[in-house]
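# With the sequence up front, the predicted model follows.
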Amino acid sequence: MQPDIYIGTLRIAEPVIALTGLGIAVICLYAWWRLRLAPGPVLAQRWMTRFFGLMAISSVLGPVLGHAFYYWAGFPGKYACWVFSIFSLGALAQASIEHARPLLPRAVFPWLTGANLAGVAVAVNAAGLSHSYHWVEAHSALAILGFMLPLEGYVFARRKDPGSRLLLFSVPVAVVALVPVLLKWSPSVWFSYFDVGHVLLYGCFWLMFRGALHLRQVQA
């Protein structure tokens with residue numbers, strides 16, 4: 001793992017990992033700000049705004065408390081990042097549920113919303129009790145592959161929504177970002193597999209942002 005650096009007496013652990021992680025926060029904060037200004041009554045956009053806002057918070061807490069100052073914050077600092085990440089992915093899933101709602105049978109919407117809320121609750125509690133990041137990863141897979149991918153795919157197949165197309169394009173980028181992490185491939189000690197994954201995720205979040213901007217109000 002990356003060596004610590006010191007600024008005077010201040011110790012900063014995993015400095016480049018923290019820095020590339022904060023890059024995600026910058027993109028998400030910009031996306032949140034832009035989406036708040038987006039005109040139109042598209043409810044899915046409001047959920048995407050919440051997604052980016054919550055992810056921005058997670059992407060500040062993670063680099064700062066989960067990496068740079070983990071030696072001080074301990075597990076509570078890391079867990080705070082996990083909770084906001086889980087909530088943000090829950091908002092992403094709900095955005096796709098709302099976007100597809102007019103095309104779904106009436107009884108399906110409350111079932112999907114309930115399943116999304118249950119997934120968030122299970123992930124938050126299981127991650128906290130087990131101290132395992134695997135629950136955060138599992139919930140991310142559920143939100144993206146279990147909700148966003150099939151629902152936006154369905155909307156695009158029915159209405160050729162341009163926002164859905166961009167959201168679908170973000171999925172393979174997210175998968176590619178996992179590859180260096182799974183393989184633990186690091187170009188150097190100062191640019192680890194975490195950093196490679198973070199930089200690849202920049203493209204994923206940017207595509208999600210552009211997709212959110214172009215979401216249309218779907219008609220049944």
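Looks like it arrived, so ask away.
# Counting by contacts, list what the longest helix along the chain packs against.
Across the chain, the longest stretch assigned as helix under DSSP state H is helix 70-100. If contacts are counted by 3 or more CB pairs under 8 Å, 6 or more residues apart in numbering; DSSP states H and E, helix 70-100 sits against helix 43-61, helix 108-130, helix 134-141, helix 149-159, helix 162-183. Where you see a C-beta, it was placed from the backbone N, CA and C, and this is true even at glycine.
# from what I can see residue 27 touches residue 205, true?
Yes. Applying CB atoms under 8 Å, one finds residue 27 in contact with residue 205, separated by 4.9 Å.
# low-confidence ranges in this protein?
39 (pLDDT under 70).
# re earlier: wait, which of the helices and strands packed on helix 70-100 is closest to residue 72?
helix 43-61 (13.3 Å; CB to CB).
# which outside residues touch that closest one?
21-22, 24-25, 28-29, 31-32, 35-36, 38, 77, 80-82, 84-85, 87-89, 91-92, 94-96, 98-99, 163, 205, 208-209, 212-213, 215 (CB atoms under 8 Å, 6 or more residues apart in numbering).
# May I have it as CSV, with CA atoms only?
This file holds the C-alpha atoms of helix 43-61, laid out as CSV (Å, rounded to 0.1, in the frame of the first residue of the first chain):
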residue,chain,number,x,y,z
LEU,A,43,-39.2,12.9,-10.9
ALA,A,44,-36.3,10.6,-11.8
GLN,A,45,-34.0,13.6,-12.1
ARG,A,46,-34.8,14.6,-8.6
TRP,A,47,-33.7,11.1,-7.4
MET,A,48,-30.5,11.4,-9.6
THR,A,49,-29.8,14.7,-7.9
ARG,A,50,-30.1,13.0,-4.5
PHE,A,51,-27.8,10.2,-5.8
PHE,A,52,-25.1,12.6,-6.7
GLY,A,53,-25.4,14.7,-3.5
LEU,A,54,-25.2,11.6,-1.3
MET,A,55,-22.3,10.2,-3.4
ALA,A,56,-20.4,13.5,-3.1
ILE,A,57,-20.6,13.2,0.7
SER,A,58,-19.5,9.6,0.6
SER,A,59,-16.7,10.5,-1.7
VAL,A,60,-15.4,13.1,0.7
LEU,A,61,-15.8,10.9,3.8
